[in-house]
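1. I would like to see how this sequence folds:
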Amino acid sequence: MAADDPTEFLHSAAPFAALIGVVAVAASPDEVHLRLEWDPTRTTTAGLMHGGAIMALADTAGGWAALLNLPETATGTATISSSANFMRPCTEGHVDAVAHVLHKGRTTIVVDTELRDAKERLVAKVTQTQAILT
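-> Below is the predicted model:
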């Protein structure tokens, strides 16, 4: 990973993250922290940040966490399941996604991602399973 600019690395590795405006706060094998700013183009009714944008943020964080924990023989990772629980809407500020690996197996990696608003209130919790590609 490019230590100089983790956002630049993220955008080159996952162009969709650049398209929707995800920025990297920090990334290590222990924790990936990403952010998505609230913007009217990312909303649904009543100015709520779209659930799809929040899920894309969570999937990006979880995928990067899995990538940083792949065995040396792996060629990549892909999401094979994702479960989300939404707690509250985001109507301003930003959403931070912080991902931690819960399990590293031979064929899968399970990641837990908490998503919090600018006031650090829990917006959503996502658990995903990433396939280890060889």
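
2. residues making contact with the helix or strand hosting L57?
-> Secondary structure assignment for L57, by DSSP states H and E: helix 51-67. Identification of contacts with helix 51-67 by Cβ atoms under 8 Å, 6 or more residues apart in numbering yields 10, 13-14, 16-17, 20, 22, 27, 29, 31-34, 36, 42, 44, 76-79, 82, 84, 86, 90, 95, 97-101, 109, 111, 113, 115, 123-124, 126, 128, 130, 132. Bear in mind the C-beta positions are built from the backbone N, C-alpha and C, glycine included.

3. strands along the chain, start to end?
-> Assigned by DSSP state E, the strands in the chain fall at 23-27, 32-37, 76-86, 94-104, 108-117, 122-133.

4. could I get these as CSV with distance to P6?
-> What follows is the strands of the chain, written out as CSV (distance: least, Cβ to Cβ, whole Å):
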stretch, distance to P6
strand 23-27, 4
strand 32-37, 9
strand 76-86, 18
strand 94-104, 14
strand 108-117, 17
strand 122-133, 19
